[in-house]
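A.B. asks: no letters, just coordinates:
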């Protein structure tokens, strides 16, 4: 059986420069010709550099370096000889995709990206590309491409394991559609000593899901020209500015007094009486041990204080002081939408205790959870402060907090109403859970957190059992609060506590990887349609996964398509800050191009129960009087889907 190929219906194979087979002859490239090619193909050249640069440098640094390498590709002299270019690309009279100008700047970008992968050595002369580019430079923002789906993540892992030359070979063949001989010639021109070995290594890359490599390489995951921006550490920047001003004032008055705290190295600002009260460890509040039993609400406000270091006033003082004014050596993190300032009044103490590697304090100020951790024993490292927004928490979203995350393992502090915890693999719903130890202080034994990268063979989740027997499921997305998982229609989501609910969740588990560090509060996944496929190819399942955040904005909706026999649903449509697939607008409509086992292409679409008919326009014209549609299509066709709702009105396809 041929692999099935599922892609969003609005996706085309990327077009771009392709070499030709004309005979080689000498040519020159002037700076105007190179500049025209650079401007015309700038996004492609930057993407090429981004994909070849070492993955270890981080997405933000790779983005800026890729732009720098592309912008430095112009020749310094007015004219240069087009040496080392492919034969068909030395002809300046060919089309724009085959121009010598494009080939020249591409070779310059390729050489620089390969040089950037080489480690500095005292035996060789350092090259410009091996050093961080001074320009472009962005202050106060972290820039990174938008996250893709599980297929893009899997391809990123495959490329990260390759050598730089093999990455270049794979990208050149995927983006510019070069054949083996052309790729080998271009790599040799760029200074690769063994192009054939690089091609052999690149040929071993497994493209996930049968999707064409060019389609994945052209996705937003690898587009350094379409970026999302996040602030850098605002509190630390503010502290640095304040420290500089205080230092200048101290020099001016010759002797202003500075009081240093023992952890973090931050100067103590001039606090008001209310602020000093908030930083007094003796005024930390605690809830009665049994408050949760009689309280009208179950959230972090009724958690009792637990841990073996509740009486360590020095530790509590350091935690409060660091929360108010972390120094430059403190590692600070905050989920999107979370204020980073100190507490307005004395916070509530939830935990103060030891873990194998650190002393940890957890506090709650009514809106946020703050986790302070400092190395213990012989462990080295800086203190850390993590903040997460938790306003509006309920029993389902206040069941656990991360106490420690180290060496790929995570350990939780659970709510007082939790009597048992276990580890479940979302990818294997029929497997029995593995019971976790629950200590007297409410902390769990460690278990392996879901991998942030990889092929998603498993996805560990935390299952809690309340004292009344209620079972709930949570997943770690790299934040202090795990995301609460539910299943069922958005109007009435249910706990993932039954075999059927876990089976419905399994195909969507890998899509959770794209939601890390986004402040996700809860995730609901449900199957909204089943569709009998053309050519008697079986029955497909359509799913919708809704990720809601603590802050409200930033919610994400993903439509998935699960072909017969598949293990993971392919994400075929997604939308950010959309009401679709949520409690306010539970209806959803999505479509995908699907390749049958016989090799035929079809446009498939499905709507949820409230959709009564579907129509399509664009490359394909057609309609269906039901909420399911299947039309013969060609690879790369684009279509716009609309649906009619039962109560009147229309719905557009997700995305």
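C.D. replies: Noted; the coordinates are in hand. Values in this document were obtained by computation on a predicted structure and should not be read as measured data. Residues are numbered from 1 along each chain as shown.

A.B. asks: tell me where the longest strand sits in this structure.
C.D. replies: strand 520-532 (DSSP state E).

A.B. asks: tell me how far residue 356 lies from residue 520.
C.D. replies: Going from residue 356 to residue 520 by C-beta to C-beta, to the nearest Å gives 28 Å. For the C-beta atoms, the positions are set from N, CA and C on the backbone; glycine is no exception.

A.B. asks: and residue 308, what is it in contact with?
C.D. replies: 352-354, 441 (C-beta atoms under 8 Å, 6 or more residues apart in numbering).

A.B. asks: strands - which of these land there?
C.D. replies: 352-354.

A.B. asks: what comes up buried for stretch 191-206?
C.D. replies: 192, 195, 198-199, 201-202, 205 (16 or more other C-beta atoms under 10 Å).

A.B. asks: how about the residue nearest in space to the middle of the chain, phi and psi?
C.D. replies: What sits nearest the mean C-alpha location of the chain, by C-alpha atoms, centre = their mean, is residue 514, with 4.1 Å. Main-chain dihedrals, residue 514, degrees, to the nearest 10: phi -80, psi 0.

A.B. asks: returning to that earlier point: can I get the ones in strands among the contacts of residue 308 in a markdown table with neighbour count?
C.D. replies: Putting the ones in strands among the contacts of residue 308 into a markdown table (neighbours: other C-beta atoms under 10 Å) gives the following:
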| residue | neighbour count |
| --- | --- |
| 352 | 25 |
| 353 | 22 |
| 354 | 16 |
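
A.B. asks: can you put those residues in JSON lines and add pLDDT and distance to residue 496?
C.D. replies: Output for the ones in strands among the contacts of residue 308, formatted as JSON lines (pLDDT from 0 to 100; distance: C-beta to C-beta, whole Å):
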{"residue": "352", "pLDDT": "96", "distance to residue 496": "32"}
{"residue": "353", "pLDDT": "95", "distance to residue 496": "30"}
{"residue": "354", "pLDDT": "93", "distance to residue 496": "33"}
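
A.B. asks: of all these, which comes closest to residue 185?
C.D. replies: residue 354 (61.3 Å; C-beta to C-beta).

A.B. asks: and the closest residue to residue 187 other than its chain neighbours, what are its phi and psi?
C.D. replies: Nearest residue to residue 187 in three dimensions, chain neighbours excluded: residue 195, at 3.9 Å (C-beta to C-beta, 6 or more residues apart in numbering). Residue 195 adopts backbone torsions of phi -60, psi -30, taken as degrees, to the nearest 10.

A.B. asks: pLDDT value on residue 195, please?
C.D. replies: The model reports residue 195 with a pLDDT of 92.

A.B. asks: domain-wise, how is the chain divided?
C.D. replies: The chain breaks down into these domains under automatic domain parsing: 6-231, 234-393, 409-652.

A.B. asks: now distance to residue 400 too, for those, in a markdown table please.
C.D. replies: Compiled in a markdown table, these are given as follows (distance: least, C-beta to C-beta, whole Å):
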| stretch | distance to residue 400 |
| --- | --- |
| domain 6-231 | 25 |
| domain 234-393 | 11 |
| domain 409-652 | 4 |
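
A.B. asks: of these, which shows the lowest average pLDDT?
C.D. replies: domain 6-231 - the lowest mean pLDDT of the domains of the chain, at a mean of 73.

A.B. asks: please enumerate the helices of the stretch 351-500 of the chain.
C.D. replies: Using DSSP state H, counting those that start in this stretch, the helices found in the stretch 351-500 of the chain span residues 499-505.

A.B. asks: now do the nearest residue to residue 397 once chain neighbours are set aside against residue 434, distance only.
C.D. replies: Nearest residue to residue 397, sequence neighbours excluded (C-beta to C-beta, 6+ apart): residue 484, at 5.1 Å. Distance of residue 484 to residue 434, computed by C-beta to C-beta: 20 Å.

A.B. asks: try residue 393
C.D. replies: 27 Å.

A.B. asks: who has more neighbours, the two?
C.D. replies: Using other C-beta atoms under 10 Å, the more surrounded residue of residue 393 and residue 434 is residue 393, with 21 against 13.

A.B. asks: my guess is that one contacts residue 302. True?
C.D. replies: No. Using C-beta atoms under 8 Å, residue 393 makes no contact with residue 302, being 10.8 Å away.

A.B. asks: residue boundaries of the strands in the stretch 251-400 of the chain?
C.D. replies: In the stretch 251-400 of the chain, the strands defined using DSSP state E, counting those that start in this stretch lie at 331-334, 348-354, 358-364, 368-375, 384-389, 400-406.
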